[in-house]
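K.L.:
Have a look; sequence and predicted model below, questions after that.
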Amino acid sequence: MQLLLNVENLVKRYAAGQSFGSREFLAALDGVSLSIQTATTLALVGESGSGKSTLALCVACLERPTSGSMWFDGRDVAALGEKQQRAVRPQIQLVFQDPANSLNSRLTALEIVAEPLIIQRRFDKQTRSKRACALLERVGIPAKKAGSRPDEFSGGQRQRLAIARALVLEPKLLILDEALSALDCSVQAQIANLLLELQASLRLTYLFITHDFAMAAHLADEIAVMDHGRIVELGAAEKLLRSPEHEATRCLLAATPRFHGAANLPEGL
Amino acid sequence: MTRRRPLTRWLIALLILHGVIACAGFFAPYDPLEQDRQRPYLPPMRIHVVDKQGHFHFRPFFYAVHLREGSFDQFEEEANTTVPMRFFVRGPRYHLLGLLPCSLHLFGAENGRINLLGSDAYGRDQLSRILYGGQVSLLAGLLGAGLTLLLGSLVGTTAGYCGGWRDEFLMRVAELFLALPWLYLLFALRAFLPLAVSPLEAFLLVVVVTGTVGWARPARLVRGVVLSVKERDFVRAARGFGASNVYLLRRHILPETTSVLSTQAAILVPQFVLAEMTLSFLGLGVPEPVPSWGNLLANLQQYSVLVSYWWMYLPALTIVPFFLAYLGLANALQEYAEPYKIEGRSDDSPT
Amino acid sequence: MRYLLRRMLHAVFLLFGVSILTFLFSTLAPGNYFDEMRLNPQIAPETVASLRAQYQLDRPLPVRYARWVNSVAHGQMGFSFAYNSPVGPLLWVRARNTLLLTLTATLLAWALALPLGIWSAASLGRLPDRALSWTTATLLVIPDLVLALGLLIMAVRSGWFPTGGMVSVGFESLSPLNKLRDIATHMTLPVVALVISALPMLVRHIRAALAEVLDAPFLRAAAGHGIPRRRLLYRYALRAAANPLISLLGFSLGTLVSGSLLVEVVMSWPGLGPLLLEAILARDLYVVIGGVLLSTIFLVGGNFLSDLLLLWADPRIRTEAGAE
């Protein structure tokens, strides 16, 4: 199995506020390195403000890192120009946390899912509609709801819609930025299972960003823990959960609520 | 949708009001430039249904008027000459909506003149002048507001979307414009351009001047919307699909500005109509003989007119229903966009 | 106090910017004061040329601007061609008259609007509020041109009020008390017009600001503590609503000089309005620039004043400013 994504020493600094004279910088990413193998899931766990979302945007080529390299499918995408990056972007897709924010409420479900095809100018109108409908069915949204607007769907259905949209360009890597965090517990489980099923049948690679260790354990093969813009621990999921090494990891694990009879957690937790 | 009902009501009201003015030729009995030197400053003629002998007539009628003996501005009715009011008569030719030549008028008389709202110094029918004047004033207001909103959108979108120095620079300039007193700027700008021009040139100047003065506030509002929409995830997602800037603006960002723009339109159009009226009133707008609501009021600046000829004030009242309808529309639009906001907490600060 | 200095610097920059802008506008104008003269065959072209040189209209723009700034510093603000005198004193006399009108009108308007707005907000949705809303909506719909003209006609036909000017003929020979009375009667109509045109917006804004505060949880908590309604309204709600009200006050003050232009022209009140109009029509350059500058000073000053008041009244802004 090869590496689909290999990030080395990624740094992203933002200029934070200006007073007369000095310019302060906020280092959102302070030398991040990680890699994901094809058709596996890497979970990125960390507290709010640890830099997870910034990393997601950089990997998706929506933000330019200040320095460092990023190898995707054999090419260094961090060094590419804007036009070339635009060609790479369709292969890496994002699913955001809040579907209310990530879906344009003025468009219908069909339009939302078909939009990437329109932007990429693929196929004609009919084929686009057919593909979009097929994807909607695939994620569990009945075809008759294709003409409804996002506010006519439930939270879980909206997230399914967002996933469908992310899949329409047949990406290789799917970044799920806290994609399950805003959903009810039962719905979380459903969507998680959908994601697993899609990964198996479409050979997708996931970068799953979350602050929920339990969910990470359920979905991921490897877990990376992030703290203050750095990866502090990285390893196979089972091993990390059983014997965490870094302080930050232990804190996060300790904060995970434990329920009697919880079926998802591996033993020993 | 119950939220839509007041909105449609006001839109219909506005449509009717504008429709009447647009079809001024039909509703006005005479040509606005047609003079009648025999009857200057005629007071509004009275409608009768019962004649001097006490007989009832189904068809309303007027009495012909002539100058009283020995006076040069007092009119009296002639008891034996009745002027019946006829409907759907053929009268002076006009162009309906500027295109179709037509000569059908809503009402008129065959054997005399009917001046429902009196006449002016040259004997021109006030009602006709008010209706035609409305075309000039309303059109000036609509075009001026349209120009301002266009400029404001352009500036606001550029500032909001591009950010950086462009944003800084444009907003500083906007601040400058906002610091200038609007009315003064309007006058100064208009007066610094050639004064003695033809009515059409004057009209265009009024539109251009009013349009270029008021862009700062809409620009700010549009910028605000663009800034907030730019950060929404669905815009990020679209960029993730490889969308170009033009696509993002066209498909996602600009449609979000429509609600702000339509509310601004409802607020600005009456202000711009008023601006044209003020300019024309003071001699800086559309000149005679073309009527506009503003220059119809201009001769009220003469004391003699104020004292003796009160009906020359009537053109001032015609704008009131328009203001009312636009205000209602603006409120309804705001209700529609933000149903829980308390009225008054908006950007319609007094200019 | 860096915050205050920054705001002041900002205001000064704004004023400079405005004056430059106005200067630019005026030079782009295709005509000037002496065009009329030039058309007059009785005046020799050399006279016109020498007059122009005297007033230095043929010097390059930056030079003119520099000289003008210098003259502003000396209180003269340039020279009026029509009146043949420095602009400063001219403006001052007229501005005094205008301020007499607008200060009275603003004070009255606020004195009426505050209680009305408070009453409206306190009885939100019920009869007094609805009646007031209806009245303000009706008044809002009447533009000030229509209002001023209407009042004038009423004055003329009823003979109760003088129909123009600030003083009657023979003013000088009146006793001081009668002089006051004379000015007061002349002032009545313009002030009424100004108050009626300002009142609806003020009431609406005050009502809105208060209504939003009255709905706040902290106020309901205070009511739950048993604080009497009147004290709630005045000591708690009004204070919390101070911010938008102070901004509104700043705006009212800012338009003290420019807001009465139309009313003054219609009612022949010898204020800044008619002077400016006249100057604009005659292309009396420096008077126009001076007038625009003066009203901008008031606008900017009004904003600055409200910034100051906000700093004093709102501790949140104080801490934010102090943190800079």
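P.N.:
Cool, the structure landed.
K.L.:
can you give me the helices in chain A?
P.N.:
For chain A, the helices defined by DSSP state H occupy A:52-59, A:82-88, A:99-102, A:109-119, A:125-138, A:155-167, A:185-202, A:213-219, A:237-242, A:247-255.
K.L.:
can you check the stretch 51-200 of chain C too?
P.N.:
Here the stretch 51-200 of chain C has its helices, by DSSP state H, counting those that start in this stretch, at C:61-73, C:87-122, C:127-140, C:144-158, C:176-214.
K.L.:
now for the shortest one, which elements pack on it?
P.N.:
Applying 3 or more CB pairs under 8 Å, 6 or more residues apart in numbering or on different chains; DSSP states H and E, one finds that helix C:61-73 makes contact with helix C:2-28, helix C:285-313. (C-beta placed from N, C-alpha, C; glycine too.)
K.L.:
next structured bit after the last one?
P.N.:
The one in question is helix C:285-313. Downstream of helix C:285-313, the first helix or strand assigned by DSSP states H and E is helix C:315-322.
K.L.:
ok, residues contacting that next one?
P.N.:
Helix C:315-322 is contacted from outside by C:2-4, C:310-312, using CB atoms under 8 Å, 6 or more residues apart in numbering or on different chains.
K.L.:
Around B:R250, count how many other residues there are.
P.N.:
12 (other CB atoms under 10 Å in any protein chain shown).
K.L.:
which ones are touching B:G240?
P.N.:
Here B:G240 is in contact with A:60, A:62, A:89, A:92-94 (CB under 8 Å, 6+ apart).
K.L.:
Please report the distance of the nearest residue to A:R203 once chain neighbours are set aside from chain C.
P.N.:
Closest residue to A:R203 apart from its sequence neighbours, by CB to CB, 6 or more residues apart in numbering or on different chains: A:A39 at 4.8 Å. To chain C, A:A39 is 51 Å away according to CB to the nearest CB, to the nearest Å.
K.L.:
And for A:A39, the neighbour number?
P.N.:
16.
K.L.:
How about B:Y94?
P.N.:
22.
K.L.:
and if you look at B:H105?
P.N.:
Using other CB under 10 Å, B:H105 has 21 other residues around it.
K.L.:
where are the low-confidence patches of the chain?
P.N.:
No chain in the question, so chain A it is. For chain A, the stretches flagged by pLDDT under 70 are A:1, A:16-24, A:257-269.
K.L.:
You answered for a different chain; I wanted chain B.
P.N.:
Low-confidence segments of chain B (pLDDT under 70): B:1-4, B:72, B:338-351.
K.L.:
Okay, strands next: where are they in it?
P.N.:
Listed in chain order, the strands of chain B (DSSP state E) span B:48-50, B:56-67, B:75-84, B:86-96, B:100-108.
K.L.:
Which of these sits closest to chain C?
P.N.:
Among those, strand B:75-84 comes nearest to chain C, with 18.8 Å by CB to the nearest CB.
K.L.:
mind listing what the closest one pairs with, with the direction of each?
P.N.:
Sheet pairing of strand B:75-84 (DSSP bridges) gives strand B:56-67 (antiparallel).
K.L.:
Show me which positions of the partner strand end up buried.
P.N.:
Using 16 or more other CB atoms under 10 Å in any protein chain shown as the test for burial, strand B:56-67 gives B:61-65.
K.L.:
How far away from the center of its chain is it?
P.N.:
Relative to its chain's centre, strand B:56-67 lies at 33 Å (CA atoms, centre = their mean, to the nearest Å).
K.L.:
How about stretch C:90-108?
P.N.:
Computed by CA atoms, centre = their mean, the chain-centroid distance of stretch C:90-108 equals 9 Å.
K.L.:
what do you get for stretch B:244-263?
P.N.:
The mean C-alpha position of stretch B:244-263 is separated from the chain mean by 28 Å, CA atoms, centre = their mean.
K.L.:
Then stretch C:121-133?
P.N.:
Centroid separation for stretch C:121-133 versus its chain: 30 Å, with CA atoms, centre = their mean.
K.L.:
For it, C-alpha coordinates in CSV please.
P.N.:
Provided in CSV are the C-alpha atoms of stretch C:121-133 (Å, rounded to 0.1, in the frame of the first residue of the first chain):
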residue,chain,number,x,y,z
ALA,C,121,-41.2,51.2,24.1
ALA,C,122,-42.7,50.7,27.6
SER,C,123,-46.2,50.0,26.1
LEU,C,124,-44.8,48.0,23.2
GLY,C,125,-47.6,46.5,21.0
ARG,C,126,-50.4,48.1,23.0
LEU,C,127,-52.5,51.1,22.1
PRO,C,128,-50.3,54.1,23.0
ASP,C,129,-47.4,52.4,21.1
ARG,C,130,-49.5,51.6,18.1
ALA,C,131,-51.0,55.1,17.9
LEU,C,132,-47.6,56.6,18.1
SER,C,133,-46.2,54.3,15.5
